[in-house]
Structure formats: C-alpha cells, structure tokens
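Novice: pasting the sequence and the predicted coordinates here, then a few questions.
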Amino acid sequence: MMHLIAPSILAADFGNLQKDIELINNSQADWIHVDIMDGMFVPNISFGFPVVSAVNKHAKKPLDVHLMIVEPDRYLQRFKDAGASHITVHYEACPNLNRTIQVIKELGCTAGVALNPHTPVSLLEDIIIDLDLVLIMSVNPGFGGQHFIENTYKKLKDIKELSSRQNPGLLVEVDGGVDEHNAATLFAAGANVLVAGNAVFSAPQPLSVIAALKQSGLS
Ligand code: DX5
Ligand code: ZN
C-alpha cells in the first residue's frame with residue numbers, strides 16, 4: 001500500500017520559501033501540500049497564483065493543491081498553469097462536483113475531493129468511482145496547528161469500506177493535526193497520504209520529522 005508524506009507549506013517561512021522548498025526537495029517527502037484559502041470558504045486567506053508559481057519554480061516534487069475556496073471551477077486552469085499536479089476541491093463548495101472532477105482530469109491532474117469534519121463519507125457514494133483521491137479533514141479547515149479530531153478514524157473506516165467495493169485504487173489523504181504520534185495509526189487505519197504542517201516546520205529538525213513520518217508507514 002502507498003504511504004506518502006506531504007508537508008504543508010502553510011507552516012513554512014514565507015519570508016524564505018525557497019529554503020523550505022529546498023528542504024522538502026532534500027527530504028523523504030513525496031508531495032508538497034499547498035493550501036489555498038480565500039477568506040470565504042474558510043475564515044482565513046493564505047496566498048494565490050504568484051506564490052504557487054514561485055513554489056513550483058523551486059519544487060522537485062509534485063504540488064498537491066488543496067483548494068479551500070468557493071467556486072473553485074473558476075480557477076482550475078490557473079492552478080494547473082501555476083504548477084499543480086494534484087487538485088483537491090471541497091465537497092461543500094461544489095454544487096456540480098461531477099463536472100468539476102471531469103475538468104480537473106481533463107487538465108491532466110489527479111482529482112481529489114475534501115470532506116470537512118462534519119461531512120459524512122456516505123455522501124461520496126455516487127461519485128467515488130470517478131475520484132483519484134479523497135482528503136479527510138482532521139481539523140476544521142482554515143488554520144494550521146490545530147488539534148486532531150479523533151472521529152477521523154471512523155471516517156477512514158467508512159472510506160475504506162466504500163473504496164474497497166467501488167474504487168480500490170483510491171488514495172486517501174488525511175490533513176490537519178498529523179504528527180509523529182498519530183502517523184502510524186493513521187497509516188494502519190488506511191490513510192495513504194499524510195499532510196503535516198506544524199509538525200514539520202515548527203520542529204528543530206524538520207528533515208528528521210519527515211523521515212519519522214515516512215517511517216511510520218513501514219511499521
Ligand atoms: C488546514 C490545512 C492544512 C494545514 C495543516 O486548513 O488544510 O493543510 O496546513 O496544518 P497542521 O499540520 O499544522 O495541522
Ligand atoms: Zn490542506
């Protein structure tokens with residue numbers, strides 16, 4: 001089973017992003033997680049296209065773009081052009097989710113859907129076969145450094161049940177409050193991709209944290 005690590009640059013040093021991107025390049029991380037917040041879907045604003053393009057200029061790993069924005073359809077092409085390899089939209093922000101997913105795939109990107117903590121996995125039943133990835137939010141979206149929500153384990157069980165029947169190749173990503181203490185349990189519960197922001201960038205030795213998270217997938 002695939003066990004990937006995606007450090008989130010939301011917790012990086014924005015005054016010296018190149019340094020933190022190079023740190024990820026030289027680490028055991030697999031993807032670079034890029035959080036886009038619009039101040040509408042979530043009560044916070046992060047950054048936009050020029051920053052994503054700048055990150056992409058230095059990145060040697062795929063950009064995993066997590067769109068916490070309303071009407072993401074308006075910007076899919078521009079995120080692709082800015083360097084996104086994987087694009088994840090929120091279920092709660094997409095009234096025409098099937099169309100949105102088809103557009104992401106036509107752009108040549110991996111298509112993901114994120115679920116807020118209160119959104120049940122069962123709502124994906126009629127779209128799961130079309131998805132490459134499901135992102136389970138394990139905090140309320142909008143901020144880094146929050147506490148992990150334990151109900152995530154129940155949701156991992158639900159998504160595994162659904163995907164084993166209809167889409168066994170589905171990637172399951174967990175985002176928020178992931179650290180060295182819960183990583184092994186999350187991988188064992190069926191997660192394939194773990195996002196980590198503060199656990200990596202607030203640590204004195206980010207490279208060792210990334211290595212430890214990656215190692216958690218082997219145990
Ligand atoms: C939260 C973002 C997360 C965030 C994770 O809305 O989607 O990707 O960067 O940060 P930590 O790992 O610090 O909870
Ligand atoms: Zn995220």
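Specialist: In hand now; what should we look at? Ligands and ions are numbered 1, 2, ... in the order given.
Novice: residues contacting D35?
Specialist: Each residue near D35 by CB atoms under 8 Å, 6 or more residues apart in numbering is listed here: S8, I9, L10, S46, H66, M68, G144. Using the backbone N, CA and C atoms, a C-beta is placed for each residue, glycine as well.
Novice: one more: M37?
Specialist: Here M37 is in contact with N44, I45, S46, M68, I69, P141, G142 (criterion: CB under 8 Å, 6+ apart).
Novice: where do the helices sit along this protein?
Specialist: Secondary structure of the chain by DSSP state H: the helices cover 17-25, 49-58, 76-82, 97-106, 152-166, 183-188, 198-201, 206-216.
Novice: reformat those helices as JSON lines; add distance to ligand 2 and mean neighbour count.
Specialist: Conversion of the helices of the chain to JSON lines gives the following (distance: least, CB to the ion, whole Å; neighbours: other CB atoms under 10 Å):
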{"stretch": "helix 17-25", "distance to ligand 2": "15", "mean neighbour count": "17"}
{"stretch": "helix 49-58", "distance to ligand 2": "13", "mean neighbour count": "16"}
{"stretch": "helix 76-82", "distance to ligand 2": "14", "mean neighbour count": "17"}
{"stretch": "helix 97-106", "distance to ligand 2": "16", "mean neighbour count": "17"}
{"stretch": "helix 152-166", "distance to ligand 2": "14", "mean neighbour count": "17"}
{"stretch": "helix 183-188", "distance to ligand 2": "15", "mean neighbour count": "19"}
{"stretch": "helix 198-201", "distance to ligand 2": "12", "mean neighbour count": "24"}
{"stretch": "helix 206-216", "distance to ligand 2": "15", "mean neighbour count": "19"}
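Novice: so which of these gets nearest ligand 1?
Specialist: Shortest distance between ligand 1 and those, using CB to the nearest ligand atom, is found for helix 198-201: 3.4 Å.
Novice: touching ligand 1 at all, that closest one?
Specialist: Yes - contact of helix 198-201 with ligand 1 (CB under 6 Å from any ligand atom) involves N198, A199.
Novice: show the average pLDDT along that helix.
Specialist: For helix 198-201, mean pLDDT rounds to 98.
Novice: in the chain, what residue lies closest to ligand 1?
Specialist: G197 (2.9 Å).
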